[in-house]
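Asks: the following block contains a protein sequence and its predicted model.
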Amino acid sequence: MLQSLLHIPAARQLLDGMRYLRAYPAFRRDFAHYQRLAGPAPRFPARWRERQALLLDRTAGTPFDRHYVYHPAWAARVLAHTRPALHIDIASTLHFSAIVSAFVPVKFYDYRPADLGMSNLRAEFADLLALPFADASVASLSCMHTVEHVGLGRYGDPIDPDGDLKAIGELERVLAPGGSLLFVTPVGRPRLIFNAHRIYAYEQIVRYFARLTLREFALVPDHARDGGLIVGASQAQADAQQYGCGCFWFVKERA
């Protein structure tokens, strides 16, 4: 029952609220303890009116989202190897574009444009279903943890059961001969989790990009005990996941 509730964001928020209420008395005790230790003339006076109670961070280890730490790290390593003159990213996590722009010029495009500006990085609008690039014109392209959402309406995009396939068609259309596409999506038992995302079988992704060549596949498995980022993972490993993170490096062969 509890596991089923965790699929509902509002239920997760309610459970976090219950944890917060249980932790609040300890927060008040810590505040009073700090005041006593700081003494009558503290360097930083603890004022109750300026408190900010962060009560859910007392964990045994440092928690992190395995998908969103490992997959940008994988893609950054590919770009550090390929060193393109310009990299185009379509709606991947902003952290990726911001960090790799330190060593590769990046143009970031999103259906919801980001107000982000820094050297070597530009952010503009693009609809993944109608990318603003000529056919076969982009030599280095990424679209990571994005396509699985297209057509589900989550981000204000039109409902379209085949939106993901149309987006994949656009990525293939704009990729230049000899170019690289870094594509990331959830992999494992194929299913739709409306309106969050789709989860694909490894075979589906390879089939959808049949006109491209798969150069490398890396996997972030469901459980840390099975490894962090597995470069060179097998299809069997991908198929064994419930919500793994599949990192596909495709290239378009020259004619």
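Replies: Structure received. Residues are numbered from 1 along each chain as shown.
Asks: and the residue nearest in space to the middle of the chain, what does it touch?
Replies: When C-alpha atoms, centre = their mean is applied to the chain, the residue found nearest the centroid is residue 68 (4.3 Å). With contact set as C-beta atoms under 8 Å, 6 or more residues apart in numbering, residue 68 has these partners: 93, 95, 145. Just so you know, the C-beta spots here come from the backbone N, C-alpha and C atoms, and that holds for glycine as well.
Asks: can you pick the most crowded of those residues?
Replies: Of all these, the highest neighbour tally under other C-beta atoms under 10 Å goes to residue 145, namely 22 neighbours.
Asks: output stretch 160-167 as PDB, restricted to C-alpha atoms.
Replies: The C-alpha atoms that make up stretch 160-167 are tabulated as PDB, following Å, rounded to 0.1, in the frame of the first residue of the first chain:
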ATOM      1  CA  ASP A 160       0.200  12.500 -28.800                       C
ATOM      2  CA  PRO A 161       0.800   8.800 -28.300                       C
ATOM      3  CA  ASP A 162       3.400   8.800 -31.000                       C
ATOM      4  CA  GLY A 163       5.100  12.000 -29.900                       C
ATOM      5  CA  ASP A 164       8.200  10.100 -28.900                       C
ATOM      6  CA  LEU A 165       8.500   8.500 -32.300                       C
ATOM      7  CA  LYS A 166       8.100  11.800 -34.100                       C
ATOM      8  CA  ALA A 167      10.800  13.300 -31.900                       C
END
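Asks: pull out the buried positions in that stretch.
Replies: Residues 163-164, 167 are the ones in stretch 160-167 that count as buried (16 or more other C-beta atoms under 10 Å).
Asks: that older thread, moving C-terminal of the helix or strand encompassing the residue nearest to the centre of the chain, what's the next helix or strand?
Replies: Residue 68 is located in helix 66-82, with elements delineated by DSSP states H and E. Read in the C-terminal direction, the helix or strand following helix 66-82 is strand 87-90, with elements assigned using DSSP H and E.
Asks: who does that next one touch, helix- and strand-wise?
Replies: Using 3 or more C-beta pairs under 8 Å, 6 or more residues apart in numbering; DSSP states H and E, the elements in contact with strand 87-90 are helix 94-100, strand 106-110, strand 138-144.
Asks: mind putting those in TSV, mean pLDDT and distance to residue 255 included?
Replies: Conversion of those to TSV gives the following (pLDDT from 0 to 100; distance: least, C-beta to C-beta, whole Å):
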stretch	mean pLDDT	distance to residue 255
helix 94-100	98	29
strand 106-110	97	26
strand 138-144	98	15
